[in-house]
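Asks: got a structure for you, letters missing:
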Ligand SMILES: C[S@@+](CC[C@H](N)C(=O)[O-])C[C@H]1O[C@@H](n2cnc3c(N)ncnc32)[C@H](O)[C@@H]1O
């Protein structure tokens, strides 16, 4: 039986997942005060709410809102029917302006915690229309063959897809067609518990610039034998109804890990990649290529990075964590020479090809871990005038930052998707004579807690 005791609490802050945090004081059996700590999704700072216990816990309980006693002035009606259950967007109940203010504040707090001046953080640049911005989605099949997104906090449960307000409309329609085909053909979804079933994931990516779409269906068996007719039907249907799908792939994946990886790629229709464009450069994207997922705001990010980096034709530059060259190409076009370092070999192969196909011939790309790669590049390339880095969420780490400090580039542009690791990374540069000049947050992920920022750091 669930405990229907209710507690009136006030949200005092949001946690790193964007959920409200609150405490409630009550007396224990000995008459001593006892503190109950709650995490409450779908609440906003300073809101007073009546909650019940959704999920008990020793240290912190998950609260369920029974009534909003005093709502936040920026509370709004969420638009998506999947909101509250889907783990995708957690802030649809917050007016977009409020989300942006919170993101700016989050970056400022991360700087304060590391001893930097928060006034260096400019207001976050948001989107004019913060919907249907994503160019890539991954959906999962449930054992009953339905397809959708993972339920919030429960990776075993799948919410059947009806719509998605952050994915592009074209991509969602194509995904829904695949979901209907799977249902009509009664194809079994993969059961993670007993490792049985056929369909595992559907990855969809679309280029907003070229209109090309990729559909990659991950399955435990090849598209032959007893599945041949159904696969043929899917291929014909997609070719007929979705002419923009330039890549329809069947990815064989028998591995236990729940990831969109493939042991064999079968091209059912078109090619094994699609073309995309960003900031005027053309890119080939394979199913596993890392590429910015909000292309409109990614262009803003590139523009801001160029403004902060002020690249010059006489200068040498290093791009650490360069991926397929999203920043490398526009910077290389404005510098004398650019060296890019990235750990994923296929991304480096892609970066080389992208540079060539875009007529850029002053780049040198190295597939290496950043820590070793920076040493190799410095040895072959000499001291850079400008260095940019765009590490993953875990940050670059002290060893890489200290190597950057010792290399003494006169300007550094740091692009980050995690203000916390960003702030601790740049602190490492201070003893080497660097000064943080400004930080520009850019919102690439409306309705989620994530924020990207570009910053300018100079040698004093
Ligand atoms: C946030 S992405 C940025 C990619 C690129 N700048 C872009 O905008 O497309 C971070 C990149 O760092 C790469 N990476 C992760 N760990 C790395 C490491 N230890 N050394 C070098 N590159 C790494 C990832 O493969 C990924 O391409």
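Replies: Structure received. Quick caveat: nothing in here was measured; it's all calculated off a predicted structure.
Asks: alpha carbons only for contacts and neighbour counts from here, please
Replies: Fine.
Asks: around the residue lying closest to residue 53 once chain neighbours are set aside, how many other residues sit close by?
Replies: With C-alpha to C-alpha, 6 or more residues apart in numbering as the criterion, residue 53 has its nearest non-adjacent residue at 4.8 Å, and that residue is residue 63. Residues near residue 63, counting by other C-alpha atoms under 10 Å, number 23.
Asks: give the pairing partners of the helix or strand hosting residue 63; include direction for each.
Replies: Secondary structure assignment for residue 63, by DSSP states H and E: strand 61-70. Using DSSP bridges, strand 61-70 pairs in its sheet with strand 33-40 (parallel), strand 48-55 (antiparallel).
Asks: among those, which comes closest to residue 273?
Replies: Smallest distance to residue 273 across these (C-alpha to C-alpha): 42.1 Å, for strand 33-40.
Asks: right, and the helix or strand after the helix or strand residue 436 falls within?
Replies: Residue 436 is part of strand 434-442 when elements are defined by DSSP H and E. Downstream of strand 434-442, the first helix or strand assigned by DSSP H and E is strand 452-459.
Asks: what about the nearest residue to residue 288 once chain neighbours are set aside, neighbour count?
Replies: Spatially, and ignoring its direct neighbours in sequence, residue 288 is nearest to residue 261 (7.9 Å; C-alpha to C-alpha, 6+ apart). For residue 261, the count of nearby residues is 17 (other C-alpha under 10 Å).
Asks: same question for residue 239.
Replies: Number of residues near residue 239 (other C-alpha under 10 Å) recorded here: 17.
Asks: what sits up against stretch 372-387?
Replies: Contact partners of stretch 372-387, identified using C-alpha atoms under 8 Å, 6 or more residues apart in numbering, comprise 309, 311, 315-320, 339, 341, 366-367, 400, 403-404, 407-413.
Asks: among those residues, name the ones in strands.
Replies: Among the contacts of stretch 372-387, the residues falling in strands (DSSP state E) are 316, 317, 318, 319, 320, 339, 341, 366, 367, 411, 412, 413.
Asks: please name the bridge partners of the fifth one.
Replies: It refers to residue 320. As for beta bridges, residue 320 partners with residue 341, residue 389 under DSSP bridges.
Asks: could you list the contact residues of the stretch 151-300 of the chain toward the ligand?
Replies: Contacts of the stretch 151-300 of the chain with the ligand, taken as C-alpha under 6 Å from any ligand atom, map to 290, 291, 292.
Asks: how about a cut-off of 5 Å?
Replies: Residues of the stretch 151-300 of the chain lying close to the ligand (C-alpha under 5 Å from any ligand atom) are residue 291.
Asks: now do the helices in the stretch 151-300 of the chain.
Replies: 169-184, 228-241, 295-309 (DSSP state H, counting those that start in this stretch).
Asks: other SSEs contacting the last one?
Replies: Helices and strands touching helix 295-309, by 3 or more C-alpha pairs under 8 Å, 6 or more residues apart in numbering; DSSP states H and E, are strand 274-278, strand 411-416, strand 434-442, strand 452-459.
Asks: what's the neighbour count on residue 447?
Replies: Residues within reach of residue 447, counting by other C-alpha under 10 Å, total 23.
Asks: give me the element residue 106 is part of.
Replies: Short version, using DSSP H and E: residue 106 is in helix 96-113.
Asks: not counting that helix itself, show me its contacts.
Replies: Outside of helix 96-113, the residues within contact range by C-alpha under 8 Å, 6+ apart are 74, 91, 117-119, 121-126, 130, 419-420, 423, 441, 443, 446-447, 449-451.
Asks: thanks a lot, see you next time.
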